[in-house]
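> Sequence and predicted structure below; questions after.
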Amino acid sequence: MILVTGATGFLGAELVAQLLETESIVRCIKRENAKVSQKLIPYQDKIEWIIADILDFSDLNDAFEGVTEVYHCAALISFETSLKKKMLAVNAEGTANVVNLCLAHSVKKLVHVSSIAALGKGKNNELIDEKLFWEGFESHDAYAVSKYRAEMEVWRGINEGLNAVIVNPSVIIGEDAGITGSGAIFKTVKDGLKYYTQGGTGFVDVKDVAKIMILLMNSDVSAERFIISSQNYSYKNLFADIAKAFDLLEPQKEAKPWMLSLAWKANAIKNLLTGSKGGLTKATAKSAINFYHFNNSKIKKQLTGFEFKPISESITKIANSLKIS
């Protein structure tokens, strides 16, 4: 039996859909009030839903009965500082629960979804690979800390005999994201974004991430982590390509670092006074002006012949889906 945590999320839903192309049934964990992705509606008769909270060990224990393979996708993703404790709980403590249950139930293999946020930060355009580790917690946001601690739980499990692999996806994009998560980037450009920044990062299509996870599960590789990223893209080029896909003018003005600094501070004051959330944060402002380059050679070497979907192709498909939504 295959178990997937976070199956109602963007990546989790894509993973389950791909698994069900060959599997007769997949067991999936969801929170009681979590909404099932439209992508999975056609597969309802092939999904065994288990209502459980990732932090409730007893509920999870029942879900692990008879399970041989686990894909751990469940995570809380946010740059809101107010959610730091919750992120540490869900992402780190939740992963500890999954690891402990994998060991207790003699699960054959775990594929854990981490993030590029858990990698060390390259300096002076240094190419970031899987060997680049952190230098200190103080320079990382709460989400990154939570994912790093989650990875440490998986490594702890590996040291205790767990067969596991870690994947570190870059920014995951895809048609099913809608206008939330990475989809918000497309909506922002569609709505008439006028500014770009000099930063950049890696991007990857959700279908590639899910496919690679399945290939790694079915491989002999163990006790390794892999950066899953198709291309390194500057935000300026990304915004320009998205604008072109929507038949719009690309952003013409550069948002300088000092402008972003003022903007996130003003937003913080507004949120404090009004009790609202969201908008630009210190972490997102810092990320917008730095260009992080990721090396995907390790996974390409491991999966000989695998070719990532070009990001330009993904952009076109996403834009077309939003045009008619």
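Arrived safely, thanks for sending.
> Just checking: what are the partner strands of the helix or strand hosting residue 172?
Residue 172 is part of strand 171-173 when elements are defined by DSSP states H and E. Partner strands for strand 171-173, per DSSP bridges, with pairing direction: strand 200-205 (parallel).
> Could I get the buried residue list for the next helix or strand after the partner strand?
Of the helices and strands lying after strand 200-205 in sequence (DSSP H and E), the nearest is helix 206-217. Buried residues in helix 206-217, counting neighbours by 16 or more other C-beta atoms under 10 Å, are found at 206, 207, 208, 209, 210, 211, 212, 213, 214, 216, 217. Glycine gets a C-beta too; all of them are placed from N, C-alpha and C.
> tell me the mean pLDDT for helix 206-217?
For helix 206-217, the mean pLDDT works out to 97.
> Tell me how far that helix lies from the chain's centre.
Helix 206-217 sits 13 Å away from the centroid of its parent chain (C-alpha atoms, centre = their mean, to the nearest Å).
> ok so, going back, for the buried residues of helix 206-217, which one is nearest residue 312?
residue 208 (14.0 Å; C-beta to C-beta).
> list the contacts for that closest one?
Residue 208 makes contact with 228, 230, 308, 309 under the criterion C-beta atoms under 8 Å, 6 or more residues apart in numbering.
> Which of those residues fall within strands?
residue 228 (DSSP state E).
> If you rank the contacts of residue 208 by neighbours, which is first?
In terms of neighbours by other C-beta atoms under 10 Å, the contacts of residue 208 top out with residue 228 at 28 neighbours.
> Does it touch residue 204 like I think?
Yes. Assessed by C-beta atoms under 8 Å, residue 228 is found in contact with residue 204 at 5.7 Å.
> Are there residues contacting both of the two? Which ones?
Common neighbours of residue 228 and residue 204 (C-beta under 8 Å, 6+ apart) are 169, 170.
> Check whether residue 31 really touches residue 55, as I assumed.
No. Look at residue 31 against residue 55 with C-beta under 8 Å: they stay out of range, at 10.2 Å.
> all helices for the protein, in order.
Counting by DSSP state H, one finds helices in the chain at the ranges 10-19, 57-63, 84-87, 94-104, 142-159, 183-190, 206-217, 235-245, 257-274, 282-289, 297-302, 311-323.
> Distance to residue 83 and pLDDT for the contacts of residue 208 - can I get that in a markdown table?
A markdown table is the format used below for the contacts of residue 208 (distance: C-beta to C-beta, whole Å; pLDDT from 0 to 100):
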| residue | distance to residue 83 | pLDDT |
| --- | --- | --- |
| 228 | 25 | 97 |
| 230 | 29 | 96 |
| 308 | 31 | 96 |
| 309 | 31 | 94 |
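> Which members of the contacts of residue 208 are the farthest-apart pair?
Farthest pair in these (C-beta to C-beta) is 228 and 309. Separation: 11.9 Å.
> Please identify the most buried of the helices of the chain.
helix 10-19 (a mean of 24; mean count of other C-beta atoms under 10 Å).
> which residues sit against that one?
Taking C-beta under 8 Å, 6+ apart as the rule, helix 10-19 contacts 2, 4-7, 26, 28, 37, 39-40, 43, 47, 71, 73-74, 113, 169, 172, 174, 176-177, 181, 206-207, 209-211, 213-214.
> For the strand holding residue 172, give the mean pLDDT please.
On average, strand 171-173 scores 93.
> One more: stretch 21-36?
89.
> so how far is it from its chain's centroid?
Distance, centroid of stretch 21-36 to centroid of chain: 18 Å (C-alpha atoms, centre = their mean).
> how about it: buried residues?
Going by neighbour count (16+ other C-beta under 10 Å), the buried part of stretch 21-36 is 26, 27, 28, 29, 30, 36.
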